[in-house]
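Participant: Quick one: sequence plus predicted model below, questions after.
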Amino acid sequence: MSVPAMADESNSQQIARGRYLAITAGCNDCHTDGYMPTAGQVPEASWFTGSAIGFQGPWGTSYPSNLRLLVHNLNEEQWLERTRQPMRPPMPWFNLQTMTEQDLLSLYQYLRSLGPAGEMAPAAVAPGGEVNTPYFDFTPRNLPVTADK
Ligand code: HEC
């Protein structure tokens, strides 16, 4: 009898840890519409539903994925695999790669606990392709000649 109770407690601790990481690692900044402009004043019910406002730069146009739908369709193993892959800018995937497996799994459990919601983000568009959504222009300007991006 005591085993399920302990499992529940450790699961809720893992979810709380994941929520803390998601906030402090800044995942909402891009993956939650309106989070940055309102200094975080977005109800948690809408968190991590992704965005149809793109980021455009030398990589083309990318859209922050709906992480709630993503985790809904992945098991833990697939989530670990996905978060170890390179991604388009401005996703800081190289930072995510430094996260411990335990923390990545806490993030997964937290995102799962929110439940699936919202729409899939639009597919990324290659450089020069036609973009029919609003987007932020991340084109580098007047960089020193030593910078290569
Ligand atoms: C500066 C904006 C930004 C921040 C901050 C950010 N992301 Fe992203 N993220 C993106 C964009 C844009 C994409 C789409 C990348 C692509 O098209 O390859 C993405 C993609 C992803 C994907 C791949 C989703 C898929 O559909 O396969 C995961 C997982 C992810 N982000 C998790 C996170 C987590 C966890 C954090 C916080 C640690 C985070 N992101 C912070 C912008 C951001």
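Facilitator: Alright, I've got the coordinates.
Participant: which bits of the protein sit near the ligand?
Facilitator: With Cβ under 6 Å from any ligand atom as the criterion, the chain comes near the ligand at residues 25-27, 29-31, 55, 62-65, 67, 70, 82-83, 87-88, 90-92, 96, 107, 124. Where you see a C-beta, it was placed from the backbone N, CA and C, and this is true even at glycine.
Participant: quick one: buried residues of the biggest helix by length in the chain?
Facilitator: Secondary structure of the chain per DSSP state H: the longest helix is helix 2-24. By neighbour count on 16 or more other Cβ atoms under 10 Å, the buried set for helix 2-24 is 14-15, 17-19, 21-23.
Participant: try stretch 91-109
Facilitator: Across stretch 91-109, burial judged by 16+ other Cβ under 10 Å covers 91, 96, 99, 103-109.
Participant: And the contacts of stretch 107-119?
Facilitator: With contact meaning Cβ atoms under 8 Å, 6 or more residues apart in numbering, stretch 107-119 is reached by 11, 14-19, 21-22, 27, 44-50, 52, 66-72, 74, 76, 79, 99.
Participant: mean confidence for it?
Facilitator: Summarised as a single mean, pLDDT over stretch 107-119 is 98.
Participant: same question, stretch 48-60
Facilitator: 98.
Participant: got the buried residues for that stretch?
Facilitator: Neighbour-count burial for stretch 48-60 flags 48-57, 59-60 (criterion: 16+ other Cβ under 10 Å).
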